[in-house]
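In: Could you work out the structure for the sequence below:
(chains A and B)
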Amino acid sequence: DQQVKQNSPSLSVQEGRISILNCDYTNSMFDYFLWYKKYPAEGPTFLISISSIKDKNEDGRFTVFLNKSAKHLSLHIVPSQPGDSAVYFCAASRGTGGFKTIFGAGTRLFVKA
Amino acid sequence: DTGVSQNPRHKITKRGQNVTFRCDPISEHNRLYWYRQTLGQGPEFLTYFQNEAQLEKSRLLSDRFSAERPKGSFSTLEIQRTEQGDSAMYLCATRDAPSATNEKLFFGSGTQLSVL
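Out: As a prediction, this is how the structure comes out:
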């Protein structure tokens, strides 16, 4: 039962262009969504998040959009840089507290110089 | 704040052996999680502690797996009678007391387990 889905295993983008990573979820009880970035041989690191009461959150080059009716969120990176090349995980959690965070399978982003 | 520390970074073992991993959390974080990640997949939840209490354990987790967090500080994850299917990256993550704006997890670098 995959509650968080990232259907694109990989994405290749030219430096300076926009990268758009997509994520779908099935559990309507999720109320907090996060994106993590992972480099090889390291643990995931937090990138940006959004509460379900919002539809957009922006932090520098990174913007996350949430469409609750479609149960869909996306991460936009603009402009993309070669250092952004990594695996990006979409994640979701339910309620404040200790509830576990559920992760998608990840999308590997390649930013070509 | 030195972050979440995991030891060892790599572990190679023979099938049937027992292995133990350690996680040292960020000192003020009272919530600690263990995840497992295999190639091409995202982190999969294994178990969760609030202080020393183990509050949730994945239904998918075999009873060969056990975790402890004595005194609510470091945690250990033990796998008994390892199988080749246990080969994965084992990740520890911690987080501070929850709030509406504090859902993010801090991950360690993981322990890569290879069962031969």
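In: Please identify the residues of chain A in proximity to chain B?
Out: Within chain A, the residues that sit near chain B (C-beta under 8 Å from any C-beta of the partner chain) are A:4, A:6, A:9, A:32, A:34, A:36, A:41-46, A:49, A:51, A:89, A:91, A:93, A:96-98, A:100-106. Using the backbone N, CA and C atoms, a C-beta is placed for each residue, glycine as well.
In: change it to 7 Å
Out: Residues of chain A found near chain B (C-beta under 7 Å from any C-beta of the partner chain) are A:32, A:34, A:42-46, A:49, A:89, A:93, A:96-98, A:100-101, A:103-106.
In: Could you report the neighbour count for B:Leu55?
Out: By the criterion of other C-beta atoms under 10 Å in any protein chain shown, B:Leu55 has 14 neighbours.
In: Check B:Leu116 too.
Out: Number of residues near B:Leu116 (other C-beta under 10 Å) recorded here: 10.
In: Buried ones in the lowest-mean-pLDDT helix or strand in chain B, by neighbour count?
Out: Lowest mean confidence among the helices and strands of chain B (mean pLDDT, DSSP states H and E): strand B:53-57, at a mean of 89. The neighbour-count check on strand B:53-57 (16 or more other C-beta atoms under 10 Å in any protein chain shown) flags B:Lys57 as buried.
In: I'd like to know which elements it is packed against.
Out: strand B:44-50 (3 or more C-beta pairs under 7 Å, 6 or more residues apart in numbering or on different chains; DSSP states H and E).
In: Sheet-wise, list the partners of the strand it packs on with their directions.
Out: Counting by DSSP bridges, the strands paired with strand B:44-50 are strand B:31-37 (antiparallel), strand B:53-57 (antiparallel).
In: Find the nearest non-adjacent residue to B:Leu116, please.
Out: B:Lys14 (5.5 Å; C-beta to C-beta, 6 or more residues apart in numbering or on different chains).
In: Check what pLDDT that neighbour gets.
Out: Looking at B:Lys14, its pLDDT is 97.
In: related to what we said a few turns ago, after the least confident helix or strand of chain B, next one along is what?
Out: The element immediately downstream of strand B:53-57 (helix or strand, assigned by DSSP states H and E) is strand B:65-68.
In: Now that next one: buried residues?
Out: B:Phe65, B:Ser66, B:Ala67.
In: That strand near chain A at all?
Out: No: with C-beta under 7 Å from any C-beta as the criterion, chain A is not reached by strand B:65-68; the gap is at least 13.7 Å.
In: following that strand, which helix or strand comes up?
Out: Criterion used, DSSP H and E; the element after strand B:65-68 is strand B:75-79.
In: quick one: low-confidence parts of the chain?
Out: Defaulting to chain A. A:1, A:95-98 (pLDDT under 70).
In: Correction: the question concerned chain B.
Out: Along chain B, the model assigns pLDDT under 70 to residues B:1, B:97-102.
In: which bits of it sit near chain A?
Out: When proximity is defined as C-beta under 7 Å from any C-beta, chain B approaches chain A at B:31, B:33, B:40-43, B:45, B:48, B:50, B:55-56, B:91, B:98-100, B:103-105, B:107-110.
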